[in-house]
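> Task: produce atomic coordinates for the following.
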Amino acid sequence: MKFRLAILLLLALPLVVSAQTDTILFFTGTTEAPAYPTEIYTTTPVEAVEIHLGLLDPSLSGISSWEASVDVEGMVIAPTWFVPGCGLIPECGMPPFQIGLIVSDPLEPGQIYHLATFTAFIMSPTDVVRFSISPVPGSVSFPDSPGYAGPAPDYELAPMTTIAGNEPVPVFTINQQTVSEAPASWGSVKRLYR
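Numbering: from 1, shown residues only. The predicted structure is shown next:
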């Protein structure tokens with residue numbers, strides 16, 4: 001049942017993305033030309049993948065810090081996170097993220113703000129990888145969701161929500177094959193071409 005709910009939530013992404021602010025999600029492409037798929041597929045053995053974690057349609061005028069926990073479930077080779085706010089501090093670039101920016105970045109409604117980039121190699125097109133986003137365990141500022149703080153001097157706090165409404169289900173997958181539960185038969189195939 002959880003799996004079916006996750007698939008339904010993933011299929012509803014375009015509707016949800018356009019309906020809420022402060023959405024934390026994965027995207028492909030660039031911040032100038034983002035795409036918001038809920039899944040991607042590899043086609044060759046040992047294929048490199050790159051996806052970005054972002055804040056879509058921020059409600060605050062800037063960002064001075066952010067936090068989120070990202071769980072990666074499945075077989076990945078050489079996983080690497082790049083977090084622009086980390087600079088040369090490698091331990092900063094591993095989930096759970098609690099990132100403080102030296103200088104606040106301005107935000108605009110409707111934009112996608114780049115939080116982090118994940119790269120890895122997927123050994124086979126049959127290897128399934130699932131990504132979940134959740135609050136940072138033990139967080140005082142955001143105990144129930146990921147979140148970010150606005151610019152000084154107020155440092156207003158804004159919780160972020162996922163496309164699943166912060167439910168503990170995958171919000172992005174690699175090589176997740178949706179399989180029909182309907183029994184297939186030769187007769188049903190022939191009916192398609194009548």
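
> ranges for the strands of this structure?
Ranges of strands within the chain are 23-29, 34-35, 39-40, 47-56, 62-73, 77-82, 97-106, 112-122, 129-134, 147-149, 157-159, 172-174, based on DSSP state E.

> per-stretch mean pLDDT over these, give me the minimum one.
With a mean of 87, strand 97-106 has the lowest mean pLDDT of the strands of the chain.

> gap between that strand and the chain center?
When distances are taken as CA atoms, centre = their mean, to the nearest Å, strand 97-106 is centred 19 Å away from the chain's centroid.

> What is it packed up against?
The contact analysis (3 or more CB pairs under 8 Å, 6 or more residues apart in numbering; DSSP states H and E) places strand 97-106 against strand 62-73, strand 112-122. Using the backbone N, CA and C atoms, a C-beta is placed for each residue, glycine as well.

> so S64 makes contact with L157?
No: counting by CB atoms under 8 Å, S64 sits too far from L157 to count as a contact (10.4 Å).

> which of those two has more neighbours?
Applying other CB atoms under 10 Å to S64 and L157 shows that S64 carries more neighbours, namely 21 against 13.

> need the contact list for that one.
By CB atoms under 8 Å, 6 or more residues apart in numbering, S64 lies in contact with G100, L101, S104, Y148, A149, G150, P151, A152, Y155.

> circling back: which among the helices and strands packed on strand 97-106 is found nearest to G138?
For those, proximity to G138 was assessed by CB to CB; strand 62-73 is nearest, at 10.3 Å.

> and the angle from the closest one to strand 97-106?
With axes from the mean of the first three to the mean of the last three CA atoms, to 10 degrees applied, the angle from strand 62-73 to strand 97-106 works out at 150 degrees.

> follow-up on the earlier one: I'd like the helices and strands packed on strand 97-106 written out as JSON lines, with distance to Q177 added.
Converted to JSON lines, the helices and strands packed on strand 97-106 look like this (distance: least, CB to CB, whole Å):
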{"stretch": "strand 62-73", "distance to Q177": "16"}
{"stretch": "strand 112-122", "distance to Q177": "14"}
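
> Which per-residue confidence value corresponds to V83?
90.

> typo on my end, A19
53.

> Provide a list of residues in contact with Y41.
Each residue near Y41 by CB under 8 Å, 6+ apart is listed here: P125, I174, N175.
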